[in-house]
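K.L.:
no FASTA, just this:
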């Protein structure tokens, strides 16, 4: 299954499940045939991509990266959103999803906490061109077996005290 196929399969699930939490949405995506890791990525990255495409041109400055952290707040790493296939394909499909209708578009976009925050700020009178978004934070769940490589450059890591060689 391609990422595009997964997104097309996922959009009706977003419409059918406008609430209930990300775990339930992931479970419903698995029920329609997505593998668990891909379902998790669709829940995380598709709403951000579609929301950013929708808000594009308003002058909002979005972070290029995202942060993965544990539920205890330990940062595991930071990566470019553009490196995530679901985010990349979601941006490419944003117009197509928009043409599916406002209800469908909003069903996906409303899963983005970034969108909900920006929407509240703009509704409260903030000028969109004054808004700067920090990187979205993705939680590493206990049942999430995906890996997330340490992004700290090798030469910035402190060597163990006992390691005398290069």
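P.N.:
Cool, the structure landed. Remember, predicted model here, so these are calculated numbers, not experimental data. Numbering: from 1, shown residues only.
K.L.:
which residue sits closest to residue 51 in space, ignoring its chain neighbours?
P.N.:
Counting by CB to CB, 6 or more residues apart in numbering, the nearest residue to residue 51 once its immediate chain neighbours are dropped is residue 115, at 3.6 Å. All C-beta spots, glycine's among them, are computed from the backbone N, C-alpha and C.
K.L.:
Return the set of buried residues in the helix or strand containing that neighbour.
P.N.:
Mapping residue 115 onto the secondary structure by DSSP states H and E places it in helix 113-123. Along helix 113-123, the positions that meet the burial threshold by neighbour count (16 or more other CB atoms under 10 Å) are 114-115, 118.
K.L.:
What residues sit buried inside the very next helix or strand once past it?
P.N.:
Tracing the chain past helix 113-123, the next element assigned as helix or strand by DSSP H and E is strand 137-140. The neighbour-count criterion (16+ other CB under 10 Å) identifies 138, 140 as the buried residues of strand 137-140.
K.L.:
what about the strands in this protein?
P.N.:
Listed in chain order, the strands of the chain (DSSP state E) span residues 65-70, 75-80, 137-140.
K.L.:
Parallel or antiparallel, which strands does the shortest one pair with?
P.N.:
Read it as strand 137-140. Based on DSSP bridges, the pairing partners of strand 137-140 within the sheet are strand 65-70 (parallel).
K.L.:
buried stuff in the strand it pairs with?
P.N.:
The neighbour-count check on strand 65-70 (16+ other CB under 10 Å) flags 66-69 as buried.
K.L.:
Spatially central residue for this structure, please.
P.N.:
Central residue check for the chain by CA atoms, centre = their mean: the C-alpha nearest the mean position is that of residue 45, 2.7 Å away.
K.L.:
unless I'm mixing things up, the residue nearest to residue 51 is touching residue 55, no?
P.N.:
Yes: under the criterion of CB atoms under 8 Å, residue 115 makes contact with residue 55 at 7.3 Å.
K.L.:
what ranges do the helices span in this protein?
P.N.:
Ranges of helices in the chain, per DSSP state H, are 3-16, 22-31, 36-55, 85-98, 102-109, 113-123.
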